[in-house]
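> turn this into a structure:
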Amino acid sequence: MEDVLDVYELPYNPMRPVVCMDEKPYQLLGDVRGPLPMRPGDDQKTDSEYTRNGTCSIFAFIEPLGGTHHVSVHEHRKAADWAMEIKYLSDEMFPEAEKIILVMDNLNTHKPASLYKAFPPAEARRIIKRLEIHYTPKHGSWLDMAEIELNVMTRQCLSRRIETIDLLRRELMAWEAERNQKGAKIQ
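Coordinates of the predicted model:
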């Protein structure tokens, strides 16, 4: 716990960004019957019956002091999915950074070994060398600020039925763009 708290006390440094990462399973649900038309002053009326359209995994990255946000959706929660997101973090989000200080829980796929499952050894090693990884303690994922971001995302974007992975991706892209435009930070 103290290790993660020490990381959070670091001053903002764009060359050594502190980034928190977490993921969330999400169930895709559709309506059996369409909702009733809204009337002024009333909430939307939806039927309690729904169709189950599968599950997916939402990955969230937040740079708490810099205000950079990234969310993505994968059909699965596999080592290769995590590895692709870490490569994106390294090469797209922070390509100029000397080192990316990454805070995350120690889920079985959140390991450097996952990079070796997804990429050739030289590429996996290149990405790993760009990271300084700090794991939250077991049963201490509440220390990961990405959990705050996932809760905000759930309230602002996911508090309704979304029936397809494509629609979910579009909704989350719009939500991410708004969060980045506002530069939403965590103190």
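
> any idea how far residue 173 is from the residue lying closest to residue 17 once chain neighbours are set aside?
Spatial nearest neighbour of residue 17, excluding adjacent residues (CB to CB, 6 or more residues apart in numbering): residue 63 at 5.1 Å. For every residue, glycine as well, the C-beta is placed using N, CA and C. Here the criterion is CB to CB, to the nearest Å. By it, residue 63 lies 18 Å from residue 173.

> who has more neighbours, those two?
residue 63 (23 against 13; other CB atoms under 10 Å).

> quick one, what contacts the more buried one?
Residues counted as contacts of residue 63 (CB atoms under 8 Å, 6 or more residues apart in numbering) are 17, 18, 19, 20, 69.

> contact partners for the second one?
Spelled out, that is residue 18. 7, 8, 10, 63, 64, 65, 101, 103.

> for the first one, same thing?
Contacts for residue 17 (CB under 8 Å, 6+ apart) come out as 63, 65, 66, 68, 94, 97, 100, 101.

> biggest helix in the chain, by residue count?
Looking across the chain with DSSP state H, the single longest helix is helix 165-182.

> just the CA coordinates of that one, formatted as CSV?
This file holds the C-alpha atoms of helix 165-182, laid out as CSV (Å, rounded to 0.1, in the frame of the first residue of the first chain):
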residue,chain,number,x,y,z
ILE,A,165,-20.1,-4.1,-28.8
ASP,A,166,-19.9,-1.6,-31.7
LEU,A,167,-22.4,0.7,-30.0
LEU,A,168,-20.5,0.3,-26.7
ARG,A,169,-17.3,1.3,-28.4
ARG,A,170,-18.9,4.4,-30.0
GLU,A,171,-20.4,5.5,-26.7
LEU,A,172,-17.2,5.0,-24.9
MET,A,173,-15.2,6.9,-27.6
ALA,A,174,-17.5,9.9,-27.2
TRP,A,175,-17.2,9.7,-23.4
GLU,A,176,-13.4,9.5,-23.6
ALA,A,177,-13.3,12.4,-25.9
GLU,A,178,-15.3,14.5,-23.5
ARG,A,179,-13.2,13.5,-20.5
ASN,A,180,-10.0,14.3,-22.4
GLN,A,181,-11.4,17.6,-23.7
LYS,A,182,-12.2,18.6,-20.1
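
> can you pull the buried residues of that helix?
Going by neighbour count (16 or more other CB atoms under 10 Å), the buried part of helix 165-182 is 165, 168, 169, 171, 172, 175, 176, 179.

> also stretch 14-27?
By neighbour count on 16+ other CB under 10 Å, the buried set for stretch 14-27 is 17, 18, 19, 20, 21, 22, 23, 24, 26.

> which of the residues you listed fall in helices?
Per DSSP H, these never map to helices.

> format those residues as a markdown table; extra columns: distance to residue 151.
Shown next, in a markdown table, are these (distance: CB to CB, whole Å):
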| residue | distance to residue 151 |
| --- | --- |
| 17 | 22 |
| 18 | 19 |
| 19 | 18 |
| 20 | 13 |
| 21 | 15 |
| 22 | 10 |
| 23 | 14 |
| 24 | 10 |
| 26 | 14 |
